[in-house]
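>>> Fold the following and give me the result.
(one chain, ligands or ions: 1)
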Amino acid sequence: MTTTSSAPGKVYLFGEHAVVYGEPAVPCAIERRAHVTVSERDDDRLRVSAGDLSIDGFTVEYSGATDDAPDVDVPAPIVEAAMGYVDEAVEQARDAANAPGAGFDVEIDSEIPLGAGLGSSAAVVVAGIDAATRELGVHIDARELADRAYQVEHEVQDGQASRADTFCSAMGGAVRVEGDDCTTIGAPDLPFVVGYDGTSHDTGELVAGVGALREEFGFAADTVSAIGDLVRRGEAALADGDVETLGRLMDVNHGLLSALGVSARTLDNMVWAARDGGAVGAKLTGAGGGGSIVALDDGDGAETALSLTPDCEEAFRAELAEEGVRAE
Ligand code: MEV
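Next up, the predicted model:
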């Protein structure tokens with residue numbers, strides 16, 4: 001038998017990084033999905049092929065421990081991290097189905113570039129747990145899936161992960177996460193535009209970098225709480241459908257993330273290109289270090305400006321994904 005599930009990627013309207021320290025965040029699922037197909041094997045091995053995990057495309061033929069990950073044209077730590085997520089997702093499925101010896105062939109087909117700040121790992125983990133548990137004849141609901149996927153990110157990111165990415169990918173829509181408190185919230189149809197610089201970065205390292213900065217300098221802890229204050233203002237603007245204020249707060253959020261050391265020249269250039277093109281606001285999205293920005297623009301200007309920016313490999317309009325994880 002084979003079983004396929006898909007789950008959406010996401011952009012952060014506000015609050016990445018600060019959410020790791022208990023501040024609220026508002027990620028929104030977008031209509032770019034990771035599809036994971038699993039078939040149960042006769043033995044207890046795990047074989048993963050991942051055709052389109054990066055925008056350039058690469059193939060991983062992998063079995064067993066993460067140090068078997070082969071040499072491909074995505075940085076090795078990113079591939080190892082990706083394989084770590086798959087390993088742990090399969091562990092969660094074995095646990096949920098009470099099948100500790102289950103082995104799988106896993107095929108990942110993702111429209112979300114890997115390590116690009118668009119929630120590829122959460123989407124793969126959520127879809128992977130769902131597909132593997134269903135393959136073993138067990139159904140778990142989206143909230144339990146979100147919880148199990150969070151355990152995976154927590155494990156792979158050395159204990160420094162929030163529930164935001166995995167909850168958003170499992171549930172779909174716009175969500176609010178503050179510590180263990182996760183809810184889906186209403187949102188107007190936001191005109192998201194994404195710019196992606198074509199690079200991959202390790203979330204765990206970036207999260208650890210913010211942690212080190214917080215330990216070294218008090219201002220970094222204050223910056224994290226300033227992001228929390230900004231998110232609370234942003235929630236009110238979201239409830240009012242006040243897109244202008246949302247945009248202004250996104251600009252401030254980008255500045256605060258820069259202060260935490262997680263922006264990059266490519267991200268800054270894309271943020272400015274989007275603003276110059278007419279976006280009401282723009283910020284990096286996800287862990288940063290490179291990767292993606294998200295802007296709000298209901299015209300074509302930001303997308304056009306991004307596509308003319310040398311640092312931007314791909315620019316696209318992103319629809320809010322109302323549906324989270326689903327069987328395919
Ligand atoms: C990464 O997509 C978002 C971070 O806030 C990490 C996390 O929430 O686990 C940087």
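>>> can you give me the helices in this protein?
Taking DSSP state H to define them, one finds helices in the chain at 76-96, 120-135, 142-156, 164-171, 203-216, 218-240, 243-259, 265-276, 301-307.
>>> Break the protein down into its domains, please.
3-186, 192-318 (automatic domain parsing).
>>> pLDDT on the shortest one, on average?
What domain 192-318 shows for mean pLDDT is 96.
>>> close to the ligand, is that domain?
Yes - Domain 192-318 reaches the ligand (CB under 6 Å from any ligand atom) through 203, 207, 286-287. In this view, the C-beta of every residue, glycine as well, is placed from N, C-alpha and C.
>>> For ChimeraX, write a command that selects the buried ones of those.
Buried subset of the residues of domain 192-318 next to the ligand, written as a ChimeraX selection, criterion 16 or more other CB atoms under 10 Å:
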select :203,207,286,287
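>>> Tell me the one of the residues of domain 192-318 next to the ligand nearest residue 21?
When these are ranked by distance to residue 21 (CB to CB), residue 207 comes first, at 10.1 Å.
>>> unless I'm mixing things up, that closest one is touching residue 157, no?
Yes - here residue 207 reaches residue 157: they are 6.1 Å apart, a contact under CB atoms under 8 Å.
>>> Model confidence score at the nearest residue in space to residue 170 that is not next to it in sequence, please.
Nearest non-adjacent residue to residue 170, counting by CB to CB, 6 or more residues apart in numbering: residue 146, 3.8 Å away. Residue 146 is assigned a predicted lDDT (pLDDT) of 97.
>>> Next one: residue 146 from residue 191, what distance?
Going from residue 146 to residue 191 by CB to CB, to the nearest Å gives 27 Å.
>>> okay, the two: which has more neighbours?
Taking other CB atoms under 10 Å, residue 146 and residue 191 do not tie; residue 146 has more neighbours (25 against 18).
>>> Just the local confidence number for residue 50, please.
For residue 50, pLDDT reads 74.
>>> What distance do you get for it to residue 28?
Separation of residue 50 from residue 28 (CB to CB) stands at 25 Å.
>>> Tell me, how many residues neighbour the residue in the stretch 1-150 of the chain that the ligand sits nearest to?
Nearest to the ligand in the stretch 1-150 of the chain, going by CB to the nearest ligand atom, is residue 16, at a distance of 3.9 Å. Residue 16 has 31 neighbouring residues, counting by other CB under 10 Å.
>>> Looking at the helices of the chain, which is nearest to residue 4?
Per CB to CB, nearest to residue 4 of these: helix 120-135, 6.0 Å.
>>> What helices and strands are in contact with the closest one?
Using 3 or more CB pairs under 8 Å, 6 or more residues apart in numbering; DSSP states H and E as the contact criterion, the elements in contact with helix 120-135 are strand 3-14, strand 26-40, helix 76-96, strand 104-110, helix 142-156, helix 164-171.
>>> Kindly reformat these as CSV containing distance to the ligand.
Output for those, formatted as CSV (distance: least, CB to the nearest ligand atom, whole Å):
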stretch, distance to the ligand
strand 3-14, 7
strand 26-40, 8
helix 76-96, 12
strand 104-110, 15
helix 142-156, 6
helix 164-171, 5
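>>> Cheers, nothing more for now.
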